[in-house]
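Participant: got a structure for you, letters missing:
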C-alpha cells in the first residue's frame with residue numbers, strides 16, 4: 001500500500017526562453033517510467049507511492065531538466081503522507097472521479 005501522494009509543478013528556466021512544454025513532457029515521461037500511479041492535471045501532476053520512491057522521481061525530474069540545458073528549476077511540491085492508513089488518489093477522489 002502506498003504511504004504518500006506527491007503533487008509536483010515543475011518550472012524549468014528554459015534556454016533562450018524556449019517553451020516549457022518539451023521539458024514538462026520529459027518530466028512526465030520520467031514519472032511514467034517510474035511505474036507509480038499518477039494523474040496529470042493542468043497545473044500539477046500527482047503521483048502515488050512510497051515517499052522515498054516519489055522523492056527519487058522528483059530528483060530524476062530535476063536532473064533531467066539540467067541535462068536538457070535548463071540553468072535552474074523550481075519544483076513546487078505538496079506531499080500527503082499517511083504511513084499508518086496509506087494514501088490513495090482513488091480514495092481522495094471518490095466523490096469527484098472526473099474532477100467535477
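Facilitator: Ah, there it is. These figures come from a predicted structure and were not determined experimentally.
Participant: for the helix or strand hosting residue 22, which positions count as buried?
Facilitator: Following DSSP states H and E, one finds residue 22 within helix 21-34. Residues 23-24, 26-27, 30-31, 34 are the ones in helix 21-34 that count as buried (16 or more other Cβ atoms under 10 Å). C-beta: built from backbone N, CA, C; applies to glycine.
Participant: how about the helices in this protein?
Facilitator: 21-34, 51-67, 89-92 (DSSP state H).
Participant: was I right about residue 54 contacting residue 7?
Facilitator: No - counting by Cβ atoms under 8 Å, residue 54 does not reach residue 7; the two are 10.0 Å apart.
Participant: hang on, the earlier thing: let me know the angle separating the helix holding residue 22 from helix 51-67.
Facilitator: 150 degrees (axes from the mean of the first three to the mean of the last three Cα atoms, to 10 degrees).
Participant: Could you list the residues in contact with helix 21-34?
Facilitator: Residues from elsewhere that reach helix 21-34, judged by Cβ atoms under 8 Å, 6 or more residues apart in numbering: 8, 10, 12, 14, 38, 40, 45, 47, 49, 53, 56-57, 60-61, 64-65, 68, 70.
Participant: In PyMOL, select just the buried ones from those residues.
Facilitator: Here is the PyMOL command that selects the buried residues among the contacts of helix 21-34 (16+ other Cβ under 10 Å):
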select buried, resi 8+10+12+14+38+45+47+49+53+57+61+64+65+68+70
